[in-house]
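Chemist: got a sequence here, can you model it:
(chains A and B, ligands or ions: 2)
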Amino acid sequence: MSQDMVSLNYRVNAEDFAKAGDASSNTKKVLKKLGIPSDITRRAAVVTYEAEMNIIIHSNGGEIIVNIDTTKIQIIAKDYGPGIPDIDKAMEKGYSTASDHVREMGFGAGMGLPNMKRCSDEFKIESEMGKGTTVTSIIHIPN
Amino acid sequence: MYLYEIRDILDAEVIAGKSRMDREVDFAFGADLMSDVLAFVNERTVLLTGLTSPQVIRTAEMMDLAAIIYVRGKRPDAASLELAEENGMTIMCTPYTLYTTSGILYNAGLKGIDELGVIK
Ligand SMILES: Nc1ncnc2c1ncn2[C@@H]1O[C@H](COP(=O)(O)OP(=O)(O)OP(=O)(O)O)[C@@H](O)[C@H]1O
Ligand SMILES: [Mg+2]
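Modeler: Ligands and ions are numbered 1, 2, ... in the order given. Here you go, the predicted model:
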């Protein structure tokens, strides 16, 4: 049912803390307006927000794409490097390379990626050093 | 516990969402790291924090939290307040420290999220 598909696309700049959360906030508003159940909307909001913050904090910049159809929400967060050297380690709860400066703003618990996985029905990270990271999350919408 | 009850026992000043004090919460969670909040809370939770950046409001927005309580006299910046109003959140400031605030609320019957069995 491709005519029922909604696609959102946001540029996310490295270290742009002033705009941090705008993409997620907007995504959440769209999901609400589409009448998606609130628990599903919350899960999608957490994934989008954690992804947005990771691009701002850890990457050289990137984008977030959200595709919504009647059965699922697909969130794709991709950036232009530097890449994640050890994905298994990055997925561990509590593992973080965030600086003290970032920690003072409330980030660096090392819970972002585990949160994203927990909120997703399908979850995938692909990363190539020097190239970039793509995180893909799918959340099913029960009918 | 109702938000107006929380306001009264914490000697708190309400600086946003004064008209929404009749909402009820079941849990409280104290944190200065936002991903911990996203990991543990649900929408029936009030957030206690000493962190004043707009990211606190964003985090609360993602989880549909009804209220945020700033401890030890901290006040959020103007950008935070604007975001809070936009999202229909109640913001209170209490002079008490995080530990004391937690103790007062716990004594009054507000539970910790531990009772939920933590991560779902
Ligand atoms: N897009 C990315 N590019 C490069 N490295 C990343 C990226 N996303 C995550 N990482 C690495 O993986 C680690 C763990 O990420 P995660 O989101 O779980 O925690 P965090 O961002 O450090 O803290 P939190 O999300 O709890 O605020 C990061 O500290 C960072 O080293
Ligand atoms: Mg993170």
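Chemist: how close does B:S80 sit to A:K93?
Modeler: Distance of B:S80 to A:K93, given as Cβ to Cβ, to the nearest Å: 28 Å. The way it works is simple: take the backbone N, C-alpha and C, and place the C-beta from them, glycine included.
Chemist: looking at these two now, which is surrounded by more residues?
Modeler: B:S80 (24 against 15; other Cβ atoms under 10 Å in any protein chain shown).
Chemist: run a quick neighbour tally on B:G88.
Modeler: By other Cβ under 10 Å, 14 other residues sit near B:G88.
Chemist: near ligand 1, which residues of chain A?
Modeler: Residues of chain A lying near ligand 1 by Cβ under 6 Å from any ligand atom: A:50, A:54-55, A:57-59, A:79, A:84, A:90, A:95-98, A:107-113, A:133.
Chemist: next, name the residue at the spatial heart of chain A.
Modeler: Taking Cα atoms, centre = their mean as the criterion, A:A51 is the residue nearest the geometric centre of chain A, at 2.5 Å.
Chemist: is it fair to say it lies in a strand?
Modeler: No - assigned with DSSP: H, G, I helix; E, B strand; the rest coil, A:A51 falls outside any strand and is helix.
Chemist: shouldn't it be in contact with A:M116?
Modeler: Yes - using Cβ atoms under 8 Å, A:A51 is in contact with A:M116, at 6.5 Å.
Chemist: what is in contact with the two at once?
Modeler: A:V135, A:S137 (Cβ atoms under 8 Å, 6 or more residues apart in numbering or on different chains).
Chemist: list the contacts of A:N54.
Modeler: Neighbouring residues of A:N54 by Cβ under 8 Å, 6+ apart: A:A77, A:G112, A:L113, A:V135.
Chemist: is it true that the first one touches A:I55?
Modeler: The one in question is A:A77. Yes - judged on Cβ under 8 Å, A:A77 makes contact with A:I55 at a distance of 6.2 Å.
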